[in-house]
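**Q** take this sequence and fold it.
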Amino acid sequence: MMKRFTAFLAAALIGFLLRQLGIPIPYMLGGIVTGFAVRSFLDNAFQWPRSWRGLMLGVAGYGIGSNCTPDTFFKLSQETLGIFGACLFTLAVSVGVAVHMHRHTFANLLSSIMGCLPGGLTAMTVLMDDYEEADENVVVVSQCLRLFVVEVSVPFLAINLFGGEVTRSAGASLWSTSMADFLSLFHPGWLLVVPLVLIGRSIAKAIHMPTGQLLGPIIVTSLFALWQGSVPRVPAPAMAFAQLHIGLYIGTMLDREKLLKTRELIPNVLLGSLLMVASSAALSVFMSRLYGFSTLTGFLALAPGGIAEMCLTGMEMHQDVAVILTYQLVRVLMLAMGVPFVIRRFFKPDSGKKGMLHV
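**A** Below is the predicted model of the structure:
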């Protein structure tokens, strides 16, 4: 427990320094860097509890869902064709990267596809349990490296290419937060997060929703916000606390041993990830002109990262999180619900293993 507490403090310190540099989602990045460093160089058995990460995903899910309003959803209902077209484009680019990796490395096609699909860290690491052919090292290393590249490159491009800025309140740290932010922790309104998260997680579990710990609270909070018109936001210190736990869990999924075993993949994964980010940036220019939202909002909506990471970045840069959420959510649902059926169409699962419905 002391080692975890020390790692948490180190991650918070790194996050604080990143926040001073104006980098979005600084505490999540601090957690990723700390988790990887501790597992790779200090203790290769170090892990961050999945249950802690699950609880914090619920807080992040509430924070993301609370940005939805009736007006934004009505506007987005007019963009259905663009949403699905953009999602299919992103998935097509990732499959192209996977095919290239398969042809130029030792990785088989199934493992390459599972490793390259955007936003698929949780879904693909669960789905690979169904297939003997899937190489765990390839899938985990590729997904973690892809996520790491996205976490670093997207904020950099958002600031330097699209002119994004992290506001002082959005980047509030655990220690130097303003008195108003600190007192907001004691305002009872935001504690609505507790019942909504519990309801969302319960519904997601009952219907076997993929990545339900995050999607359940997002959907329930979004529906509640649509009904009420708005819901209280999560205080900045509480969101920073959640980011630290999520980042530490992601960071401990990747260690030096796995990297050494799959070092041949690293250049392909890095270049492929940068290609997916670049294609998203190019497409965002077209989508923003077509539908009228900012190019930065479009970039975060199309970037090949996870829902939590991209939406939290949008929140900190005061972008239209409802747009980001919708595009990212549609892609994740297509990935989690459609891709497994497509994979089963071309690859035969191991009959002795269970399906992914136990997520």
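**Q** please count neighbours and contacts with C-alpha atoms only from this point.
**A** Noted.
**Q** for Leu283, see how far away Met1 is.
**A** Noted for Met1: a distance of 46 Å to Leu283, by CA to CA, to the nearest Å.
**Q** the two: which is more packed in?
**A** Leu283 (19 against 6; other CA atoms under 10 Å).
**Q** what sits against that one?
**A** Ala86, Phe299, Leu302 (CA atoms under 8 Å, 6 or more residues apart in numbering).
**Q** host element of it?
**A** Per DSSP states H and E, Leu283 falls inside helix 266-291.
**Q** would you mark the buried spots in that helix?
**A** 266, 268-270, 272-274, 276-281, 283-285, 287-288 (16 or more other CA atoms under 10 Å).
**Q** likewise stretch 315-332?
**A** 315-317, 319-329, 331-332.
**Q** any idea which helix or strand in this protein has the lowest mean pLDDT?
**A** Every helix and strand of the chain was ranked by mean pLDDT, DSSP states H and E. The lowest is helix 179-184, at a mean of 57.
**Q** tally of neighbours for Leu260?
**A** When neighbours are counted by other CA under 10 Å, Leu260 registers 11.
**Q** okay, now the closest residue in space to Asn137 that isn't next to it in sequence: neighbour count?
**A** The spatial neighbour of Asn137 that comes closest, neighbours along the chain excluded (CA to CA, 6 or more residues apart in numbering), is Lys258 at 6.2 Å. Applying other CA under 10 Å, we find 16 residues neighbouring Lys258.
**Q** how far away is Lys258 from Ala107?
**A** In terms of CA to CA, Lys258 sits 14 Å off from Ala107.
**Q** got it, and Arg19?
**A** When Arg19 is compared with Ala107 (using CA to CA), they lie 38 Å apart.
**Q** once you drop chain neighbours, what's closest to Met287?
**A** Gly298 (6.6 Å).
**Q** what about Ser230, which SS state?
**A** coil (DSSP: H, G, I helix; E, B strand; the rest coil).
**Q** next structured bit after the helix or strand containing Ala322?
**A** Using DSSP H and E, the secondary-structure element containing Ala322 is helix 321-333. Next in sequence after helix 321-333, counting helices and strands by DSSP H and E, comes helix 339-346.
**Q** does the residue nearest to Met287 touch Val285 like I think?
**A** Yes - counting by CA atoms under 8 Å, Gly298 touches Val285, with 7.4 Å between them.
**Q** go ahead and confirm Gly35 touches Phe8.
**A** No - counting by CA under 8 Å, Gly35 sits too far from Phe8 to count as a contact (9.0 Å).
**Q** mutual contacts of the two, please.
**A** Contacts common to Gly35 and Phe8, judged by CA under 8 Å, 6+ apart, are Leu248.
**Q** for Gly30, give me its contacts.
**A** Ala11, Ala12, Leu13, Ile14, Gly15, Leu18, Leu244, Gly247, Leu248 are the contacts of Gly30 under CA under 8 Å, 6+ apart.
**Q** Trp48 now?
**A** Counting by CA under 8 Å, 6+ apart, Trp48 touches Arg4, His245, Leu248, Tyr249, Thr252.
**Q** ok, the last one to Ile218 distance?
**A** With distances taken as CA to CA, Thr252 is found 25 Å from Ile218.
**Q** between the two, tell me which one has more neighbours.
**A** Between Thr252 and Ile218, Ile218 has the larger neighbour count (other CA under 10 Å), namely 32 against 25.
**Q** I'd assumed Ile64 was in contact with the more buried one.
**A** Yes - applying CA under 8 Å, one finds Ile218 in contact with Ile64, separated by 6.3 Å.
**Q** mind exporting the C-alpha coordinates of stretch 138-157 to CSV?
**A** Extracted in CSV, the C-alpha atoms of stretch 138-157 (Å, rounded to 0.1, in the frame of the first residue of the first chain):
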residue,chain,number,x,y,z
VAL,A,138,1.2,-7.9,-29.6
VAL,A,139,-2.2,-6.7,-28.7
VAL,A,140,-1.4,-5.1,-25.3
VAL,A,141,1.9,-3.5,-26.5
SER,A,142,0.3,-2.2,-29.7
GLN,A,143,-2.7,-0.8,-27.9
CYS,A,144,-0.7,0.8,-25.1
LEU,A,145,1.8,2.3,-27.4
ARG,A,146,-1.0,3.6,-29.6
LEU,A,147,-2.7,5.2,-26.6
PHE,A,148,0.6,6.7,-25.4
VAL,A,149,1.3,8.2,-28.8
VAL,A,150,-2.2,9.6,-28.9
GLU,A,151,-2.0,11.0,-25.4
VAL,A,152,1.2,12.8,-26.2
SER,A,153,0.7,13.9,-29.8
VAL,A,154,-3.0,15.0,-29.6
PRO,A,155,-2.5,17.6,-26.8
PHE,A,156,0.7,18.8,-28.6
LEU,A,157,-1.2,19.3,-31.9
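**Q** circling back to that earlier point, could you turn the buried ones of the contacts of Gly30 into a PyMOL selection?
**A** The PyMOL selection below is limited to those of these classed as buried (16+ other CA under 10 Å):
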select buried, resi 11+12+13+14+15+18+244+247+248
